[in-house]
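Chemist: After the sequence you'll find the predicted model.
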Amino acid sequence: MRNQSGLQHKFSWTLYAFILLVVAPLLTLLAAGQAAASRESQVPKPPGQNPNGMHIYIWAGLKSHFPGQHDYPQFLADWSKLLTERGAVVDGALHAPSAADLEHTDVVVIYKGDAGYLSDAEKSVLEDYVKRGGGLVSLHDSLCGPDPAYFATLVGGGKKHGEVNYTLGAPIPYTVADPADPIMKGMSNFTIYDEAFYSMTWAHDPGIHALATTVIPGTPSAGAHKGEVVPQIWTYEHTEAGGSPARAFVWMQGHEYANFDNYQIQQMLLRGIAWAAHQPVDTLVDYVPPPSPRSQAGAPR
């Protein structure tokens, strides 16, 4: 009887320890998760926001270069507002997205210097995202880094950091290479003052689909590359082994921040973003927001 009583006592303490160390923390986590979900469901949505829009993550960076150039933080501010007004659900930061950031993201828009500098952990997050079909949009020198061949596997092309492979500021004449592509709807041959890149590393099998090219102008940095015809706007479609089809859209200008306000360019970017997200290309361009609460008498504020 004494041994049986001892065994029962030992079992009781073992069960108590199991509940204390395993069951109680699990119940606490479950309750916390339910509370967070409840709080999230109670948070009022911003008036006019489209809760069912495509999810866009803007990966920006710190300001660099001269005033009016490479204004990555301003892009995050301006385009998070612009895209929200056009029906998107927008998130973003001045650092690379985490796996949690990308869990429900349809397309990542990258506008930062040298995004090709990635840690192994950041590479893994992006690769997993692309493998499941996540879209990428690369603007200006986002495709610059230490390993252009690697970045080309993500967006179709890469530029080597530290090499002279840029024109600096110059007139950049566009020739639309595929006017039938829906992204280029309304896009004509015209010239902007910006910066063009050459000596690119390109993806192969598949390669890029050029939407617009430029003739490299004769700037001091261009040297013998003057007159070369180089793609500056393109799309890239590929499928990782065992994955889903992924899309990338690239615009290599954006050195001069004012060019984001150019009507043709802005419309092209909106279509390119939607295309990369596997959405109809005019989703953002044609979005009609719901009536403003101010226009609805008695609407809750």
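Modeler: Good, I have the coordinates.

Chemist: Check the average confidence over stretch 87-94, would you?
Modeler: Mean per-residue pLDDT for stretch 87-94: 96.

Chemist: Dump the C-alpha coordinates for that stretch into PDB.
Modeler: The C-alpha trace of stretch 87-94 is given here as PDB (Å, rounded to 0.1, in the frame of the first residue of the first chain):
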ATOM      1  CA  GLY A  87      -7.100  50.000 -54.100                       C
ATOM      2  CA  ALA A  88      -4.000  48.200 -52.800                       C
ATOM      3  CA  VAL A  89      -3.200  47.100 -49.300                       C
ATOM      4  CA  VAL A  90       0.200  48.500 -48.600                       C
ATOM      5  CA  ASP A  91       3.000  47.700 -46.200                       C
ATOM      6  CA  GLY A  92       6.700  48.600 -46.300                       C
ATOM      7  CA  ALA A  93       9.900  49.500 -44.500                       C
ATOM      8  CA  LEU A  94      13.500  50.700 -44.900                       C
END
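
Chemist: For it, buried residues please.
Modeler: Residues of stretch 87-94 classed as buried: 87-92 (neighbour count, 16 or more other CB atoms under 10 Å). C-beta coordinates here come from the backbone N, C-alpha and C atoms, glycine included.

Chemist: List the contacts of stretch 64-83.
Modeler: Residues outside stretch 64-83 that contact it (CB atoms under 8 Å, 6 or more residues apart in numbering): 56, 58, 60-63, 90, 92-94, 109, 111-113, 139-141, 255-258, 260, 273, 284.

Chemist: filter those residues to the buried ones?
Modeler: 56, 58, 60-61, 90, 92, 109, 111-113, 139-141, 255-257, 260, 273, 284.

Chemist: Could you report the distance from the residue nearest the centre of the chain to Asp205?
Modeler: For the chain, Val108 is the residue whose C-alpha lies nearest the centre (CA atoms, centre = their mean; 1.6 Å). According to CB to CB, to the nearest Å, Val108 stands 24 Å off from Asp205.

Chemist: before we move on, what about Asp78?
Modeler: 37 Å.

Chemist: what two of the buried residues of stretch 87-94 are the furthest from one another?
Modeler: Gly87 and Gly92 (16.5 Å; CB to CB).

Chemist: Show me where the chain dips below the pLDDT cut-off.
Modeler: Low-confidence segments of the chain (pLDDT under 70): 1-48, 292-301.

Chemist: mind listing the strands for it?
Modeler: Counting by DSSP state E, the segments of the chain that form strands are 55-60, 89-93, 107-111, 135-139, 144-145, 157-160, 170-176, 191-194, 201-202, 209-215, 229-239, 245-251.

Chemist: what does the second one contact?
Modeler: When you say that, I think you mean strand 89-93. Outside strand 89-93, the residues that touch it by CB under 8 Å, 6+ apart are 49-51, 53-60, 76, 79-80, 83-84, 101, 105.

Chemist: Now a PyMOL select for only the buried ones of these.
Modeler: Applying 16+ other CB under 10 Å to these, the buried members can be selected in PyMOL as follows:
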select buried, resi 49+50+53+54+55+56+57+58+59+60+76+79+80+83+84+101+105
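
Chemist: In space, what's closest to Lys160 - neighbours in sequence excluded?
Modeler: Closest residue to Lys160 apart from its sequence neighbours, by CB to CB, 6 or more residues apart in numbering: Pro148 at 4.9 Å.

Chemist: Enumerate every residue touching Pro231.
Modeler: 157, 177, 200, 208, 210-213.

Chemist: same question, Asp141
Modeler: Taking CB under 8 Å, 6+ apart, one finds 70, 113-114, 159, 197, 255 in contact with Asp141.

Chemist: And these, which is closest to Ala246?
Modeler: Using CB to CB, the contacts of Asp141 come closest to Ala246 at Lys159, 20.5 Å.

Chemist: do you know how far the closest one is from Gly113?
Modeler: 11 Å.

Chemist: Overlap of the contact sets of these two?
Modeler: 141, 144.

Chemist: neighbours of Leu136, just the number please.
Modeler: By other CB atoms under 10 Å, the residues close to Leu136 number 26.

Chemist: For the nearest residue to it once chain neighbours are set aside, name its beta-bridge partners.
Modeler: Among residues not flanking Leu136 along the chain, Ala248 sits closest, at 4.3 Å (CB to CB, 6+ apart). Counting by DSSP bridges, Ala248 forms beta bridges with Leu136, Tyr236.

Chemist: Check the spacing between Ala248 and Asn50 real quick.
Modeler: 24 Å.

Chemist: what about Asp78 and Asp205, which has more around it?
Modeler: Applying other CB under 10 Å to Asp78 and Asp205 shows that Asp78 carries more neighbours, namely 15 against 5.

Chemist: Gln49 versus the more buried one, what's the distance?
Modeler: Using CB to CB, Asp78 is found at 17 Å from Gln49.
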